[in-house]
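Chemist: with the input below, show me the fold.
(chains A, B, C and D)
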Number of protein chains: 2
Amino acid sequence: MATLRDVAKAAGVSPATASRAMGDSPAVSPEARERVTRAAAELGYQINALARSLRTQRTNTIGLLLPDVRNPFFTELAYQVDKIAAERGLTVMIGNADEQAEQQDRYLDVLARHQVDGIIAVPQGAASQVLRRTAGALPTVFMDRDPGIPGTPTITSDNRGGIFALVDHLVRLGRRHIGVVAGPQSTSTGRERLLAVTDRLAHHGLDLPPAHVVEGDFQLDSGVAATEQLLGHGPLDAIIAADNLMAMGALMVLRRNGIQVGHDMALACVDDIEWFALVEPAITVLAQDIPGLALAALDSLTRQINGDAAPSVVVPMHLIPRASCGEAGRGMPTTPKEGAHG
Amino acid sequence: MATLRDVAKAAGVSPATASRAMGDSPAVSPEARERVTRAAAELGYQINALARSLRTQRTNTIGLLLPDVRNPFFTELAYQVDKIAAERGLTVMIGNADEQAEQQDRYLDVLARHQVDGIIAVPQGAASQVLRRTAGALPTVFMDRDPGIPGTPTITSDNRGGIFALVDHLVRLGRRHIGVVAGPQSTSTGRERLLAVTDRLAHHGLDLPPAHVVEGDFQLDSGVAATEQLLGHGPLDAIIAADNLMAMGALMVLRRNGIQVGHDMALACVDDIEWFALVEPAITVLAQDIPGLALAALDSLTRQINGDAAPSVVVPMHLIPRASCGEAGRGMPTTPKEGAHG
DNA sequence: CGATTCCATGGAATCGATTCCACAGGCTCA
DNA sequence: TGAGCCTGTGGAATCGATTCCATGGAATCG
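Modeler: This is a model prediction of the structure:
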């Protein structure tokens, strides 16, 4: 591999001048710049990012820590973050915690050792010691979930507002007996979404008995188990799943039991997937604004890296009604509380 | 951030000794090691991977270049590669070409600048100049697709053998009029799969007219377009899609046209998705052995990094019959050529 | 015309960890 | 007892790029 020294020699200048010519320092004669550029091209010179970063104390690299890269929601999040970061000349190192706190800690250390300029993290479970230390030591932004570490900005979706709209939608369609496949209560999203369902049902004068709530872990299998359990606890006419994969599991169970989704039972969940529109019936979702989240997170992180105040942001969610909740007018009449909605 | 120098000072030893104590060099007294270890813990010392790598000329980092991180097949591939690499103490930098040759080239340079020890690449399109240069300059393994660069090992699935099994399956079920939503013919997988279908149909005495083949780009939308086109060209009783996303698109079109999949029309594709078993009807797939591919790629790359001979590997595929191709015995009788299959 | 400013350039220090080399002190063995 | 060895340690060079500082020459000004 050719070094800058080689390039300088080939161009007949000093390494200092070569360095200036490669960057866009104005203090280089056009002639020297030309010679250096040509020499670099001829030698196939690639700058050594390690050496540069060691000297400049800047890597232009950020870490992205996710709980599960295989969940389409996080895949999309990674895609959007990487895309925007690339446009800004930043490289993204993706770390997959694979749903294990220990892996998360391991990756945080890896990122720190690689001297990333900052970290965007979707934390899992309770805030670990390593997570606190890292968030305190270098620019950090939490995204999607809030681990409750004060002083670190958080970019989240408006889960409460979104769930309100979803519950209103279901109630308007005549659903009264709602079951919830909740997310893990160790995550802020799991808690917020469940609480919002409870609160909004109460607002409609409806009750959410404990037997109608089963906690899953955001994975497909837990959606299966939770739904089986829900079906054993009295009659329901709607199920809300706290994420897409658990909704998939719920759909499997409902099908196996010969329950007509969209008719006998409404099904809705948080987080859209491209092919949710495809499944029969198409699934009603509460979609997060993923590009919006990614953009806000990067903006906030960049500010923090530059030493400015970094804001927390709440991004609106978007209800997409599809066939899985049935049509308005079916079954019971539209709720008289219609007018009370926000 | 504490440096090794700080740790050494705190432990009352020289940086040299501190370095030796942090690694597992035997030439350190137990007492010195103890003191250094404690000092490091107290200072929250994290080794600076940049400085270490600059000196040792080893980053213990490999690059993984993918054409589309949002395709579940590549997501799973990334997951498996990262998992195995982590077990071996390697960090993975994922690059997403986002289906653009230009992005691929850009990422190859990024990886080279970061001094990765080696690259695992799923190349797209024709082999670019940058791809050739990179493959020549540092340890490289191609995975899934073969760009035809001699001297660089390739880890691929046995597309030909797999497709043979799939075609045999369809023919055995009485399907005779097969349409193909082919992959891009600029990729080796696209070419191999189409050729294998043609050859195996011929082996059964069946023809594949040009009008029954439409080329897509491995994305959902192209599956939609291709299937619509196929339906306009005479009667078919089966469609083979070269990947999962295009099969999704095909399924959408078939549904919209009221065509009963699994009865009027068989549908099968390459690459399984967890929830393909969920769709109604469940989709028959030719699944790749993703952990097998990941393991073989990493092994081959590691050998190459260590200066040993790195093998090319062909990994077997696995046919998973589901409801989308209908049951045996339906329609025409089982082909008399049954006995001729390999 | 002499003094001052400006500009392009090169030498050398620096980032943080590793490692070659030299060396001190304790040991063994003849 | 002295020659030789082994072990643990520290000084200093090194990896490759950046950047501070100094310098020489050209341009500008009064």
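Chemist: A:R58 is in contact with A:P139, isn't it?
Modeler: No - using CB atoms under 8 Å, A:R58 makes no contact with A:P139, being 11.9 Å away. Backbone N, C-alpha and C define where each C-beta goes, glycine included.
Chemist: okay, and the common contacts of the two?
Modeler: Listed as contacting both A:R58 and A:P139 by CB atoms under 8 Å, 6 or more residues apart in numbering or on different chains are A:D117.
Chemist: higher neighbour count, those two?
Modeler: The neighbour comparison of A:R58 against A:P139 (other CB atoms under 10 Å in any protein chain shown) goes to A:P139, with 22 against 12.
Chemist: which residues touch A:T154?
Modeler: Shown in contact with A:T154 (CB under 8 Å, 6+ apart): A:141-143, A:146, A:312-313.
Chemist: how about A:Q304?
Modeler: Going by CB under 8 Å, 6+ apart, A:Q304 touches A:118, A:139-141, A:153, A:310.
Chemist: how about the residues you listed, which pair is most distant?
Modeler: The most widely separated members of the contacts of A:Q304 are A:G118 and A:P153, with 11.0 Å between them, by CB to CB.
Chemist: burial measure for the residue of the stretch 51-200 of chain A found nearest DNA strand C, as a count.
Modeler: Nearest residue of the stretch 51-200 of chain A to DNA strand C: A:R55, at 3.6 Å (CB to the nearest atom of the strand). Applying other CB under 10 Å, we find 11 residues neighbouring A:R55.
Chemist: next SSE downstream of the strand or helix carrying it?
Modeler: Using DSSP states H and E, A:R55 maps to helix A:49-56. Later in the chain than helix A:49-56, the nearest helix or strand by DSSP H and E is strand A:61-66.
Chemist: neighbouring strands - and their directions - for that next one?
Modeler: strand A:91-96 (parallel), strand A:118-121 (parallel) (DSSP bridges).
Chemist: wait, doesn't A:L278 sit right on B:A250?
Modeler: No - applying CB under 8 Å, one finds A:L278 not in contact with B:A250, separated by 10.7 Å.
Chemist: which one of these two is surrounded by more residues?
Modeler: The residue with more neighbours, out of A:L278 and B:A250, is B:A250; 30 against 16, by other CB under 10 Å.
Chemist: who in chain A is up against DNA strand C?
Modeler: Within chain A, the residues that sit near DNA strand C (CB under 7 Å from any atom of the strand) are A:12-17, A:20, A:26-29, A:31-32, A:51, A:54-55, A:57.
Chemist: 6 Å - rerun?
Modeler: Counting by CB under 6 Å from any atom of the strand, the residues of chain A close to DNA strand C are A:13-17, A:27-29, A:32, A:54-55.
Chemist: what subset of those is buried?
Modeler: The neighbour count (16 or more other CB atoms under 10 Å in any protein chain shown) marks A:13, A:17, A:28, A:32, A:54 as buried among those.
Chemist: which of those residues has the weakest pLDDT?
Modeler: Among these, A:V28 carries the weakest pLDDT, at 89.
Chemist: what ranges do the helices span in chain A?
Modeler: Using DSSP state H, the helices of chain A run over A:4-11, A:15-22, A:30-43, A:49-56, A:72-87, A:101-113, A:129-137, A:159-172, A:188-203, A:220-231, A:244-256, A:290-305.
Chemist: relative to B:P321, which of these is closest?
Modeler: Judging these by CB to CB, what sits closest to B:P321 is helix A:244-256, at 19.0 Å.
Chemist: of the helices of chain A, which is nearest A:V213?
Modeler: Closest to A:V213 of the helices of chain A, according to CB to CB: helix A:188-203, at 6.7 Å.
Chemist: buried ones in the closest one?
Modeler: Within helix A:188-203, the residues that count as buried by 16+ other CB under 10 Å are A:188-194, A:196-198, A:200-201, A:203.
Chemist: between that helix and helix A:159-172, how many degrees?
Modeler: On the basis of axes from the mean of the first three to the mean of the last three CA atoms, to 10 degrees, helix A:188-203 is oriented at 40 degrees to helix A:159-172.
Chemist: run through who's touching helix A:188-203.
Modeler: Helix A:188-203 is contacted by residues A:144-148, A:156, A:159-160, A:162-164, A:167-168, A:171, A:178, A:180, A:182-185, A:207-208, A:213, A:215, A:218, A:240, A:242, A:270, A:340 when judged by CB under 8 Å, 6+ apart.
Chemist: distance from that helix to the middle of the chain?
Modeler: For helix A:188-203, the separation from the chain centroid amounts to 20 Å (computed by CA atoms, centre = their mean, to the nearest Å).
Chemist: and A:T3, how far from DNA strand C?
Modeler: 13 Å (CB to the nearest atom of the strand, to the nearest Å).
Chemist: for that residue, what are its contacts?
Modeler: By CB under 8 Å, 6+ apart, the contact set of A:T3 is A:45, A:48.
Chemist: measure it to A:Q46 for me?
Modeler: Distance of A:T3 to A:Q46, computed by CB to CB, to the nearest Å: 10 Å.
Chemist: next: A:A137.
Modeler: Separation of A:A137 from A:Q46 (CB to CB) stands at 31 Å.
Chemist: nearest to B:E87, of the helices of chain A?
Modeler: helix A:101-113 (11.3 Å).
Chemist: would that closest one count as contacting chain B?
Modeler: Yes - with CB under 8 Å from any CB of the partner chain as the criterion, chain B is reached by helix A:101-113 at A:103, A:106, A:109-110, A:112-113.
Chemist: most neighbours among the residues you listed, which one?
Modeler: Neighbour tally across those (other CB under 10 Å): the maximum, 22 neighbours, falls on A:A112.
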